[in-house]
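Participant: A structural model of the following input is requested.
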Amino acid sequence: MSTVRDAVFDVLRRYELTTLFCNPGSTEVALLTGLPDDLRFVLALHEGSVVGMATGWAIGHDAPALAVLHTTAGLGNAVGAIATARANRVPLVILVGQQDRRHLALEPFLTGRLEGLAGDYPVRVDQPVRAQDVPGAVARAFHEANTFRGPALVVVPMGDWESSFDEETVAAPVRLLRPVGVADADLLPLVELLAGALSPAIVTGARADWDSLVPLAELLGCPVFQESFGARAGFPQDHPQYAGVLPADRTRLRAVLAGHDVVLAVGAPVFRQYPYVPGALIPPGTVVALVTDDPAEAHRSPVELAYLASPAAVCTRLATLLPSHPALPPHRSTRPPDHSDPLADRSAPPPAHAARARHQPPPAEIPELPPEGRPMRAAHVLRELALRLPADTALIEETPSSRPDLHRLMPARTPLGFLSAAMGGLGFAVPAAVGLRMALPGRPVVAVVGDGSALYGVHALWSAAHYRVGALFVVLANGRYAAMDRLADQRGGGKAPWPAFDEVDMGALARSLGCPAVRVRSYDELTDALEEIVPTLASRDSPLLLDVSVTVDPDFQP
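Facilitator: The predicted structure is shown next:
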């Protein structure tokens, strides 16, 4: 007899969902016991790490990953990680256990009230009506996760797995093709807008495609800004036209965009903010256009023109349809017009190299080293990392109080050269680094995390050690929530009630989970450790945590 379990395994094989990230519960035992040899089980010690590791795996493969969660407790523990996957637009298929449907009406032990538990963060939540509908629901979850770029959940009662599936139908297509071509006629309004721009700019985000965006930016000769709080780098940050990260408040945002008459956002929201500041989002006279493959992003953006389409396809065609570079049209300039001088020549653009040089970030500066016996600043650590890491390093960031220094000192040189949690919650970097390195075993993977952040995902270090995942975890340990401390100071409402946690020993925690750790308390110890470790990053088969004592930058502004 063919069972629902057999049919689901066939679906998993078809879509290459053969690695299961899981923390098992009793409602999933019928699925997990006696797994076929071609299915790989990966244990994490907390459901946040389960979903975080699956997220890293999906990023590495650029395809959906599979996670299995226990009923209410498991799904509840994973909600933060599910929200991060949705904000980062990472496709996941998540199976959630449930009590046996034959007595659910009596609410037996471990019955999950699962509807709505993860809120609106999943792109789909399916509770199949019959056991025989489970394989089709799993196949549909794969398609939904891919189409809407987020986690799709399927709730499976524990008795369903052994139900018969003979002569049943899988209610989902075997293959789903998504044509991404864009008609030239549809692009004409955007071509006209950009061709007529005096001073265009590009804002790029996690869904931008470097191979198509770089030629377009070079054709336009314009600055390229990174969205604030982005999930990944949308443009090479060592490129001469890279202009830095957009400010996250309206006052500074208007100042940065002033002088640009056309702003093209590619694979980025318009525009991510954190503190509310009154006033207009953009300066007067600036027209914003958007290219995104996210329907919700397109529908909510306050722009003049929005394209719901593949950013890669649009940028590729734009680079063909726009006038060629360096022979820029006479009416276009890469600098804002000087309306104060009626005799200013507004028709002749400056040389392309001059425009690029102006937008090149200034040389990265770091503070002087502290006296002997005093902790370094994060900038010292990041600078030494930047000097040594290979260009293809996948870097995952979760250090809020050091993020400005990281952006300044460690420019992303590949699309995975900067990854972060776009949702803003903690607990992403450590498990995501484990999953990413498992997906890309020959690539250097480094997570730079604060000690407060690392504590939210520390369980994943056991998985890294057990499965011999050679990622490097650099913990910038200041013994406090420095970003929260500074926000409290800015409020001016008195002392914050939360204490420091200087007693926490990240190295000891790592070693207790089987992960080797090195304690770093001085600049010489740091450079010695990096000289030994960095050359091994691509080939190492054991994780390592660097527990680096740092002090808070007194000039840090969250």
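Participant: going forward, measure contacts and count neighbours with C-alpha atoms only.
Facilitator: Noted.
Participant: L66 contacts E16, correct?
Facilitator: No - judged on Cα atoms under 8 Å, L66 makes no contact with E16 at a distance of 9.5 Å.
Participant: The two: which is more packed in?
Facilitator: The residue with more neighbours, out of L66 and E16, is L66; 27 against 14, by other Cα atoms under 10 Å.
Participant: Can you report phi and psi for the residue lying closest to the more buried one once chain neighbours are set aside?
Facilitator: With Cα to Cα, 6 or more residues apart in numbering as the criterion, L66 has its nearest non-adjacent residue at 4.9 Å, and that residue is V93. Backbone torsions for V93, taken as degrees, to the nearest 10, come to phi -110, psi 120.
Participant: okay, V93: pLDDT?
Facilitator: Here the pLDDT value assigned to V93 is 98.
Participant: what's the distance between it and R540?
Facilitator: From V93 across to R540, the span is 30 Å (Cα to Cα, to the nearest Å).
Participant: How about G285?
Facilitator: For G285, the distance to R540 - Cα to Cα - is 54 Å.
Participant: Tell me which of these two has more neighbours.
Facilitator: R540 (20 against 11).
Participant: For that one, report the pLDDT, please.
Facilitator: So, for R540, pLDDT stands at 94.
Participant: With L328 instead?
Facilitator: On the pLDDT scale, L328 gets 37.
Participant: P415 is in contact with G234, isn't it?
Facilitator: Yes - counting by Cα under 8 Å, G234 is a contact partner of P415 at 6.7 Å.
Participant: what residues do the two have in common as contacts?
Facilitator: W210 (Cα atoms under 8 Å, 6 or more residues apart in numbering).
Participant: out of those two, which sits in the more crowded spot?
Facilitator: G234 (30 against 22).
Participant: what stretches of the stretch 451-558 of the chain score poorly on pLDDT?
Facilitator: For the stretch 451-558 of the chain, the stretches with pLDDT under 70 are 493, 554-558.
Participant: cutoff 90 now
Facilitator: Low-confidence segments of the stretch 451-558 of the chain (pLDDT under 90): 451-452, 477-504, 522, 549-558.
Participant: Once you drop chain neighbours, what's closest to E531?
Facilitator: R388 (8.0 Å).
Participant: Tally up the residues packed near the one you found, please.
Facilitator: 13.
Participant: what sits against it?
Facilitator: R388 sits in contact with L530, E531, V534, where contact means Cα under 8 Å, 6+ apart.
Participant: Which of the residues you listed sits closest to W161?
Facilitator: V534 (46.4 Å; Cα to Cα).
Participant: these two touch, right, the closest one and L389?
Facilitator: Yes - shown here, V534 and L389 form a contact pair, counting by Cα under 8 Å, at 6.5 Å.
Participant: Would you mind grabbing the residues shared as contacts by those two?
Facilitator: Counting by Cα under 8 Å, 6+ apart, nothing touches both V534 and L389.
Participant: residues in contact with L509?
Facilitator: V458.
Participant: hmm, 7 Å instead?
Facilitator: L509 makes contact with no residue under the criterion Cα atoms under 7 Å, 6 or more residues apart in numbering.
Participant: What strands flank whichever strand or helix holds F473, and is each parallel or antiparallel?
Facilitator: Using DSSP states H and E, F473 sits in strand 472-477. Applying DSSP bridges to the sheet, strand 472-477 is found paired with strand 445-450 (parallel), strand 544-551 (parallel).
Participant: if we can go back for a sec, type out the PyMOL command that picks the buried ones from the contacts of R388.
Facilitator: To isolate the buried members of these in PyMOL, using 16 or more other Cα atoms under 10 Å:
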select buried, resi 530+534
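Participant: In TSV, list the contacts of R388 along with secondary structure.
Facilitator: Listed next are the contacts of R388 as TSV, based on DSSP: H, G, I helix; E, B strand; the rest coil:
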residue	secondary structure
L530	helix
E531	helix
V534	helix
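Participant: The contacts of R388 into a markdown table, with extra columns for distance to D120?
Facilitator: As requested, the contacts of R388 are exported to a markdown table (distance: Cα to Cα, whole Å):
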| residue | distance to D120 |
| --- | --- |
| L530 | 43 |
| E531 | 46 |
| V534 | 41 |
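Participant: Just the closest of the contacts of R388 to L177, please.
Facilitator: Closest approach between these and L177, by Cα to Cα: V534, at 41.4 Å.
Participant: mind checking how far that closest one is from V548?
Facilitator: V534 is 16 Å from V548, where distance means Cα to Cα.
Participant: Number of residues surrounding the spatially closest residue to I366 that is not a sequence neighbour?
Facilitator: Distances taken as Cα to Cα, 6+ apart place A379 nearest to I366, at 6.1 Å, with adjacent residues excluded. Residues near A379, counting by other Cα under 10 Å, number 24.
Participant: Am I right that A379 is in a helix?
Facilitator: Yes - A379 forms part of a helix when assessed by three-state DSSP.
Participant: ok, the spatially most central residue of the chain - contacts?
Facilitator: For the chain, A231 is the residue whose C-alpha lies nearest the centre (Cα atoms, centre = their mean; 3.0 Å). By Cα under 7 Å, 6+ apart, the contact set of A231 is N88, A206, L419, S420, A421, A422.
Participant: Out of those residues, flag the one nearest to T147.
Facilitator: N88 (14.1 Å).
Participant: That closest one and A422 touch, don't they?
Facilitator: Yes - counting by Cα atoms under 7 Å, A422 is a contact partner of N88 at 5.6 Å.
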